[in-house]
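> Give the three-dimensional model of this entry:
(2 chains)
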Amino acid sequence: MHTKITKDENDIAMRLTYDIAKDDFARAGEASSKIKKFLRQLGIDSSIIRRVSIATYEAEINVVIHSLGGVIDVLLKPETIEIFVEDNGPGIEDVELAMTKGFSTATHKIREMGFGAGMGLPNIKKCCDEFFIESELGSHTTLKLIFNL
Amino acid sequence: MVLKEIIQLINGELLTDGPVDTEIKFGCGSDLMSDVLAYVEDDTLLLTGLTNNQVIRTAEMLDLRAIVFVRGKLPNSEVIEMATDKEIVLISTNHSLFTTAGILYQNGLVGKTF
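Below is the predicted model:
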């Protein structure tokens, strides 16, 4: 699962980019909400929007909870929506384990907020048509989510 | 089951304006938002004791129309405002999660099967 993720900047019809700050629970979900509104305005099929919404929200929350901050980059192409979620670390020690349902590294404080069920990454993968994850300890974690239109 | 009927059955109190004629097909009780995101569809009523803004975000992502806060829990005005803005109906009941689910189940509301 440790693939080198590529970002093809050709053929982009529209692009949205959002900065996500570490521990910013007041604003967590705002980017996903904006992305959802935007896709609705474009008249994209509602079942696709729903999957995109769940996946981006889970990814956004992960960035807030687990990372040092990151960016969500949405590339709208003629036949696909490609979403890149890139953070600045600290990286995932065991990606296979992180992908396991129920496994979470969330703290007690996070669990009190209703997170930390350990379903985030599995949920994201389930929602996408193609899912890629790359992580390096002390460096970054990157997700690439592809939704077919 | 219509939301108005649900509110009556659980002695619910409306925290936002309606609509209360929404048709609800399923119920889901949970305090873990990732579980809700994994398993729930839009014609579901969420029962929860969690009152933070992320409950509203979760509902928004899933197009949920209504949330019932159990155990007499009340969200703050900021959360209520957020829900109103997104047209999500908020209801409060003093019943526990178990009892609320039980009342609705007894009256024909089912949970999703996976």
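> what about stretch A:83-100, how long is it end to end?
Using C-alpha to C-alpha, to the nearest Å, the gap from the first to the last residue of stretch A:83-100 comes to 22 Å.
> after the worst-scoring helix or strand of chain A on mean pLDDT, next one along is what?
Ranked by mean pLDDT, DSSP states H and E, the weakest helix or strand in chain A is helix A:108-112, scoring a mean of 85. Counting by DSSP states H and E, the next helix or strand C-terminal to helix A:108-112 is helix A:120-127.
> Quick one: mean pLDDT over that following helix.
What helix A:120-127 shows for mean pLDDT is 94.
> ok, how many other residues are close to residue 88?
All of this is about chain A. Neighbour count of A:Asn88, defined by other C-beta atoms under 10 Å in any protein chain shown: 15. Where C-beta positions appear, they are placed from N, C-alpha and C, glycine not excepted.
> that answer is for a different chain, and I need it for chain B
Counted with other C-beta under 10 Å, B:Ile88 comes out at 20.
> which SSE is B:Thr99 in?
Going by DSSP H and E, B:Thr99 is part of helix B:97-106.
> Help me see whether that helix makes contact with chain A, please.
No - figure legend: helix B:97-106 not in contact with chain A (C-beta under 8 Å from any C-beta of the partner chain); closest approach 13.5 Å.
> If you count contacts, what does that helix end up packed against?
Here helix B:97-106 touches helix B:3-9, strand B:26-29, strand B:44-48, going by 3 or more C-beta pairs under 8 Å, 6 or more residues apart in numbering or on different chains; DSSP states H and E.
> Chain A against chain B: which residues are in contact?
Going by C-beta under 8 Å from any C-beta, the residues of chain A near chain B are A:25-26, A:28-29, A:32-33, A:36, A:50, A:53-54, A:57-58, A:61, A:113-120, A:122-123, A:126.
> How far off centre is the helix or strand where A:Thr142 lies?
Using DSSP H and E, A:Thr142 sits within strand A:140-148. Centroid separation for strand A:140-148 versus its chain: 7 Å, with C-alpha atoms, centre = their mean, to the nearest Å.
> contacts for that strand?
A:5, A:7, A:48, A:51-52, A:55-56, A:59, A:67, A:79-89, A:91-92, A:124, A:127-135 (C-beta atoms under 8 Å, 6 or more residues apart in numbering or on different chains).
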